[in-house]
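1. The sequence isn't on hand, but the structure is:
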């Protein structure tokens with residue numbers, strides 16, 4: 001069963017003394033949507049534009065990677081093509097090194113960046129951003145046959161939590177779950193093995209990465225526990241598409257296309273293709 005949820009307002013835990021999941025755990029696949037159905041999105045005037053050139057990067061699966069044929073593929077690539085279709089534009093997607101993405105935009109080699117770029121005070125100095133199209137929550141994962149328990153700072157006290165070293169997730173756990181035993185890993189594979197072997201009771205990390213692992217044969221041993229944690233101070237404001245600063249016409253057109261793909265189910269289809277168990 002698929003549950004489509006409209007997230008018109010930010011779901012954050014900005015000032016809680018004890019964190020609470022932003023949404024209840026559910027057996028349905030929760031498809032996030034940031035489209036406000038109460039607002040009508042107007043078709044944009046593209047002033048004769050016939051094509052749209054996206055810049056992306058490599059090495060960030062399942063969002064973007066270069067496939068065996070040398071072509072970009074992944075969640076962001078499928079979404080970029082869907083946005084072009086919604087705007088009735090031909091689509092070009094070129095891969096650049098991550099650090100060269102803003103320069104590709106500034107030099108006129110691309111019109112927009114879709115690469116999991118997050119709006120920050122620094123990136124907003126030179127780029128404008130669309131509305132967010134995906135917020136990545138933090139999640140807990142445990143062995144599927146582990147005893148069920150409520151996920152709270154008190155219930156997890158004294159238990160070993162595996163978390164990526166130096167990550168925002170590590171900082172979050174140390175701040176809000178101070179009584180747990182944090183065990184930090186440099187390689188995700190190590191964390192997975194700690195969980196499987198019982199050396200860690202839980203992993204806490206990025207919901208998208210964990211969902212991708214849970215969908216593998218190795219990850220079938222385990223499952224999400226509790227609900228998603230969304231806190232922009234730790235986990236950012238979510239993914240958005242970047243355009244040149246001041247290019248309001250293209251930004252608004254892409255916002256419209258995001259509304260269209262959310263409204264007609266295409267975004268949901270892309271989401272389920274890459275995250276069949278969901279990330280929420």
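-> That came through fine. None of these values were measured; they are calculated from a predicted model.
2. check contacts around residue 198.
-> For residue 198, the contacting residues are residue 143, taking C-beta atoms under 8 Å, 6 or more residues apart in numbering as the criterion. C-betas here are computed from N, CA, C, even on glycine.
3. so how far is residue 152 from it?
-> Residue 198 sits 22 Å away from residue 152, taking C-beta to C-beta, to the nearest Å as the criterion.
4. Likewise for residue 260?
-> Distance, residue 260 to residue 152, using C-beta to C-beta: 40 Å.
5. what's the burial count for residue 273?
-> The local packing of residue 273 (other C-beta atoms under 10 Å) involves 11 other residues.
6. Quick one: distance of the host helix or strand of it to the chain centre.
-> Assigned by DSSP states H and E, residue 273 falls within helix 266-274. Taking the mean C-alpha point of helix 266-274 and that of its whole chain, the gap between them comes to 13 Å (C-alpha atoms, centre = their mean, to the nearest Å).
7. re the thing from before, so for residue 260 and residue 152, which sits in the more crowded spot?
-> Counting neighbours by other C-beta under 10 Å for residue 260 and for residue 152 shows that residue 260 has the greater number, 19 against 13.
8. Find the nearest non-adjacent residue to the more buried one, please.
-> residue 86 (4.2 Å; C-beta to C-beta, 6 or more residues apart in numbering).
9. would you list every one of the helices in the stretch 151-280 of the chain?
-> 168-176, 188-197, 207-214, 232-235, 248-263, 266-274 (DSSP state H, counting those that start in this stretch).
10. shouldn't residue 58 be in contact with residue 64?
-> Yes: counting by C-beta atoms under 8 Å, residue 64 is a contact partner of residue 58 at 6.8 Å.
11. give me every residue that touches residue 275.
-> With contacts defined as C-beta under 8 Å, 6+ apart, residue 275 is in contact with 62, 208, 211, 212, 215.
12. can you list those residues in TSV and add distance to residue 228 and neighbour count?
-> Written out in TSV, the entries for the contacts of residue 275 read as follows (distance: C-beta to C-beta, whole Å; neighbours: other C-beta atoms under 10 Å):
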residue	distance to residue 228	neighbour count
62	18	17
208	11	21
211	11	22
212	16	18
215	17	14
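13. ok, so of those residues, who is nearest residue 41?
-> For those, the closest approach to residue 41 (C-beta to C-beta) belongs to residue 208, at 26.3 Å.
14. Could you report the pLDDT at the closest one?
-> For residue 208, the pLDDT comes out at 96.
15. Now do the strands in the chain.
-> Here the chain has its strands, by DSSP state E, at 2-6, 29-33, 51-56, 65-66, 72-73, 90-95, 112-113, 127-129, 138-143, 160-164, 181-185, 202-206, 222-229, 242-244.
16. what's the overlap in contacts for residue 58 and residue 64?
-> Residues touching both residue 58 and residue 64 comprise 72, 95, with contact defined as C-beta under 8 Å, 6+ apart.
17. Which one of those two is surrounded by more residues?
-> When residue 58 is set against residue 64 and neighbours are counted by other C-beta under 10 Å, the residue ahead is residue 64, at 24 against 15.
18. The more buried one against residue 76, yeah?
-> Yes: in this structure, residue 64 is within contact of residue 76 by C-beta under 8 Å, at 4.8 Å.
19. Need the residues touching each of these two.
-> Taking C-beta under 8 Å, 6+ apart as the contact criterion, the common neighbours of residue 64 and residue 76 are 56, 114, 115, 116.
20. wait, which of those residues is closest to residue 42?
-> So of the shared contacts of residue 64 and residue 76, ranked by how close each gets to residue 42 (C-beta to C-beta), first place is residue 114, at 22.3 Å.
21. returning to that earlier point: name the surrounding residues that touch the helix holding residue 273.
-> 2, 4, 29, 31-33, 62-63, 74-75, 78-79, 82, 86, 133, 212, 258, 260-262, 278.
22. Contacts only, for the nearest residue to residue 211 once chain neighbours are set aside.
-> Leaving aside its chain neighbours, residue 211 sits nearest to residue 279 (4.7 Å; criterion: C-beta to C-beta, 6+ apart). With contacts defined as C-beta under 8 Å, 6+ apart, the neighbours of residue 279 are 136, 137, 139, 207, 208, 210, 211, 228.
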